[in-house]
Structure formats: structure tokens, C-alpha cells
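Student: Task: produce atomic coordinates for the following.
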Amino acid sequence: MAVEFKVTDGEQGEWAVLRVSGEMDLVTSPVLRQRVHEAVADGRRSLVLDLSGVVFCDSSGVGVLIATRRLMRSCRGRLRLILPPDGRAGGPTEGAHVNRVMAALGVRRLFDVHPDVRSAVAPEPEDEADALSA
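Tutor: Here you go, the predicted structure:
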């Protein structure tokens, strides 16, 4: 049975939040890439990719994440990922698969990873200092 792939837009303060669900593979990954490019073209420089609803991710999905990181760095933007830990109270969760794949490939450390949107959009200590000095 095929799992529907969806990317939904949202905002949390200055952060654009793209919630991704379904399977990120060779067929669906270009959709996410396009949505990221649209957000950047719209002037968004703070981006959260919520991958907690992703049930499968292959190398093309990881490639889109790496390309997104490169794009955000090139425009001096910020990228944060939502990746739930592997196995919450009832066993493996959606999104945990992406966490395992990225860890196995050795690329998870390249990303600013958070367990949920709330922590991802929270100001960092240097963000708060910048806001106070402005």
C-alpha cells in the first residue's frame, strides 16, 4: 500500500515550517526540494523541516536534506530539522526512520536537530542577545 507524500506549509514567528509526511524517495523528494526553493525565493531564511511524519527515507531524500542545508548556508539562512528519537514509549515512531538513516550515513551531525517544532523555533541564547542589543 502506497503512503501519500505531503508537504504542508506553516509559520512559527520568523520560521517557515514545512511539515513532511509519507515516504521520501526518488519519486517524492523533488517535491520537497521544490517547496524549499519556493520558501527561499519568498525570502524565507529561517526554515524548519518537520520530518516527524516521514515513514521512509532513501538516499535521494537524504540528498535533498543535504542540498537544503547547502542552500540555506549559501543564503546565510538557518535550517533546523525535527527528527524524533528512535523509539518513544510504544516503540519506533514515524520520523525515527529518518533519524536512523541519517545516523547510519554519518550525516546527522551536519544538522541542527530538534525533537519538536517548539524547541526548533525557540530562540537560541545568541539570538536572544542579538534581539536585546538591537
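Student: tell me the contacts of the residue most central in space within the chain?
Tutor: Centroid-nearest residue in the chain: residue 49, 2.4 Å away (criterion: CA atoms, centre = their mean). Contact analysis of residue 49 by CB atoms under 8 Å, 6 or more residues apart in numbering lists 18, 20, 32, 36, 65, 68, 79, 80, 81, 82. For every residue, glycine as well, the C-beta is placed using N, CA and C.
Student: Now do the SS call for it.
Tutor: strand (DSSP: H, G, I helix; E, B strand; the rest coil).
Student: who's it bridged to?
Tutor: Per DSSP bridges, the residues bridged to residue 49 are residue 18, residue 81.
Student: State the pLDDT value of it.
Tutor: Residue-level confidence at residue 49 comes out at 97, pLDDT.
Student: in this structure, which helix or strand is least confident?
Tutor: Least confident helix or strand of the chain, by mean pLDDT, DSSP states H and E, is helix 125-133 with a mean of 54.
Student: Listing request: residues of this structure with sub-threshold pLDDT.
Tutor: 1-2, 86-95, 125-134 (pLDDT under 70).
Student: Give the burial count for residue 30, as a bare number.
Tutor: 11 (other CB atoms under 10 Å).
Student: quick one: what helix or strand has it in it?
Tutor: helix 29-41 (DSSP states H and E).
Student: pull the CA atoms of that helix into CSV?
Tutor: Output of helix 29-41 as CSV, limited to C-alpha atoms (Å, rounded to 0.1, in the frame of the first residue of the first chain):
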residue,chain,number,x,y,z
SER,A,29,12.0,14.0,-2.9
PRO,A,30,11.8,16.5,-5.8
VAL,A,31,8.5,17.8,-4.4
LEU,A,32,10.3,18.7,-1.1
ARG,A,33,13.2,20.2,-3.0
GLN,A,34,10.8,22.5,-4.9
ARG,A,35,9.0,23.6,-1.8
VAL,A,36,12.3,24.5,-0.1
HIS,A,37,13.3,26.5,-3.2
GLU,A,38,9.9,28.3,-3.1
ALA,A,39,10.3,29.2,0.5
VAL,A,40,13.8,30.7,-0.1
ALA,A,41,12.5,32.5,-3.2
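Student: That concludes my questions; thank you for your assistance.
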